[in-house]
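J.: give me the fold of what follows.
(2 chains)
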Amino acid sequence: MAILSGRNGRVGFDSTPSGSPSEAQQIQALNAWTAQFATEFEDVSAFGNTNRVYVPGLRDGSGTIGGFWDSADRTLWNASLATSPGKLVLVPNISDTTPASGSPHDAPSFTGLAYIDFSIDCSLAAPKVSANWRAAGNFALEN
Amino acid sequence: MLGSDPTLLSHMTNGVYWAGEAPEGSTKFVEVSLADSDDVWVFQRRAYEDALYLVKAVMLSSAGPKATITAAEARIDALLDGQRLGIGSPLGVDGYTFMDMARERRLRQTERDDLDLSIKWWHRGGYYRVQMATA
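T.: Numbers count the residues shown, from 1 in each chain, chains lettered A, B, ... in the order given. A predicted model of the protein is given here:
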């Protein structure tokens, strides 16, 4: 079991999704990401049940990305303009490559096709960027 | 930058020093201290350093008129508030990209001697926030 810090997280995006997750271009100056894979449930309670009964539907695939505006990296802005989805790679810890036992591997990542939007908040402090992403295909936990 | 400004040095003739390093016997000097510091991170690296410096002119009341330290305070503000420090320039910092430097609040304080109330030290200056991004 490895509980690691989120400080070494990473968000990568590949506008031409053909390579492996490790090939996705890292988006600079980010410090937060979230992912929600909540499952919708249908209430199928019937006469005679002693508690509510549900059946699962599909999982959601959405989340947020946040950080600072870095004028040298337009990846997030360009991703928001794309008319076709790119490969989004969300890594909790990029250094998580050596398990307690077993062979080294790329860091675990939540990967899939996604659309991204873009927002920026420019106040007297360092400008902050934020984005929402929505799955455009199946997401998987890789590695 | 402060220590090489002739206008400031004409007012604070003893020079510019880090806190506690002014020579004994100094009566008109500028003191700089680090009041607070915060490192702001992004994934995998420090994004920028956010430091709050206290920069103040310190003057013994018997060393000259109050107008001297008032002028020094104004000169400090003119030199620091809103100034830009470019990499590679004499005012820049190697390895960093300048973000911002501005005064957050003023300092105006008079310190009296406990035994002789006629002995007064004037402190005039401000807290200046300096933000520098790692290059």
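
J.: what helices and strands are in contact with the helix-or-strand element of chain B with minimal mean pLDDT?
T.: When each helix and strand of chain B is scored by mean pLDDT, DSSP states H and E, strand B:96-112 comes last, with a mean of 91. Packing contacts for strand B:96-112, counted by 3 or more C-beta pairs under 8 Å, 6 or more residues apart in numbering or on different chains; DSSP states H and E, involve strand B:45-60, helix B:66-80, strand B:120-134. C-beta: built from backbone N, CA, C; applies to glycine.

J.: got the angle between the last one and helix B:66-80?
T.: Orientation check (axes from the mean of the first three to the mean of the last three C-alpha atoms, to 10 degrees): strand B:120-134 against helix B:66-80 gives 0 degrees.

J.: returning to that earlier point: relative to A:I120, which of the helices and strands packed on strand B:96-112 is closest?
T.: strand B:45-60 (15.9 Å; C-beta to C-beta).

J.: give me the sheet partners of that closest one and which way each runs.
T.: Strand B:45-60 has its sheet partners listed here by DSSP bridges as strand B:28-42 (antiparallel), strand B:120-134 (antiparallel).

J.: distance from it to the middle of the chain?
T.: Its chain's C-alpha centre and that of strand B:45-60 lie 7 Å apart, by C-alpha atoms, centre = their mean, to the nearest Å.

J.: show me which residues of stretch A:71-81 are buried.
T.: By neighbour count on 16 or more other C-beta atoms under 10 Å in any protein chain shown, the buried set for stretch A:71-81 is A:D73, A:T75, A:L76, A:A79.

J.: and the last one, helix, strand or coil?
T.: Classification of A:A79 using DSSP: H, G, I helix; E, B strand; the rest coil returns helix.

J.: correct me, but it touches A:F13?
T.: Yes: A:A79 is within contact range of A:F13, at 5.3 Å (criterion: C-beta atoms under 8 Å).

J.: overlap in contacts, those two.
T.: Here A:A79 and A:F13 have A:G86, A:I116 as joint contacts, going by C-beta atoms under 8 Å, 6 or more residues apart in numbering or on different chains.

J.: any idea what the residue nearest to the spatial centre of chain B is bridged to?
T.: Centroid-nearest residue in chain B, with C-alpha atoms, centre = their mean: B:V55, separated by 2.1 Å. Beta-bridge pairing of B:V55 under DSSP bridges involves B:V32, B:G126.

J.: the least confident helix or strand of chain B pairs with which strands, parallel or anti?
T.: Strand B:96-112 has these strand partners (DSSP bridges): strand B:120-134 (antiparallel).

J.: what mean pLDDT does the partner strand get?
T.: Across strand B:120-134, the average pLDDT comes to 93.

J.: what are the contacting residues of the least confident helix or strand of chain B?
T.: So strand B:96-112 is contacted by A:126, B:48-49, B:52, B:54, B:56, B:77, B:80-87, B:92, B:119-135 (C-beta under 8 Å, 6+ apart).

J.: filter the residues you listed to the buried ones?
T.: With burial judged by 16+ other C-beta under 10 Å, the buried subset of the contacts of strand B:96-112 is A:126, B:48-49, B:52, B:54, B:56, B:77, B:80, B:85, B:121-133.

J.: counting contacts, what elements does the helix or strand in which A:L58 is found pack onto?
T.: In the assignment (DSSP states H and E), A:L58 maps to strand A:54-59. Here strand A:54-59 touches strand A:39-43, going by 3+ C-beta pairs under 8 Å, 6+ apart.

J.: now the angle from the strand it packs on to strand A:54-59?
T.: If you take the same axes, to 10 degrees, strand A:39-43 sits at 150 degrees to strand A:54-59.

J.: just checking: what are the partner strands of strand A:39-43?
T.: strand A:54-59 (antiparallel).

J.: can I get the partner strand in PDB? Just the C-alpha atoms.
T.: Extracted C-alpha coordinates of strand A:54-59, given in PDB (Å, rounded to 0.1, in the frame of the first residue of the first chain):
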ATOM      1  CA  TYR A  54     -31.300   0.500  -6.200                       C
ATOM      2  CA  VAL A  55     -29.700  -0.700  -9.300                       C
ATOM      3  CA  PRO A  56     -26.700   1.100 -10.700                       C
ATOM      4  CA  GLY A  57     -26.600   2.900 -14.000                       C
ATOM      5  CA  LEU A  58     -23.600   4.400 -15.700                       C
ATOM      6  CA  ARG A  59     -20.800   6.200 -14.000                       C
END
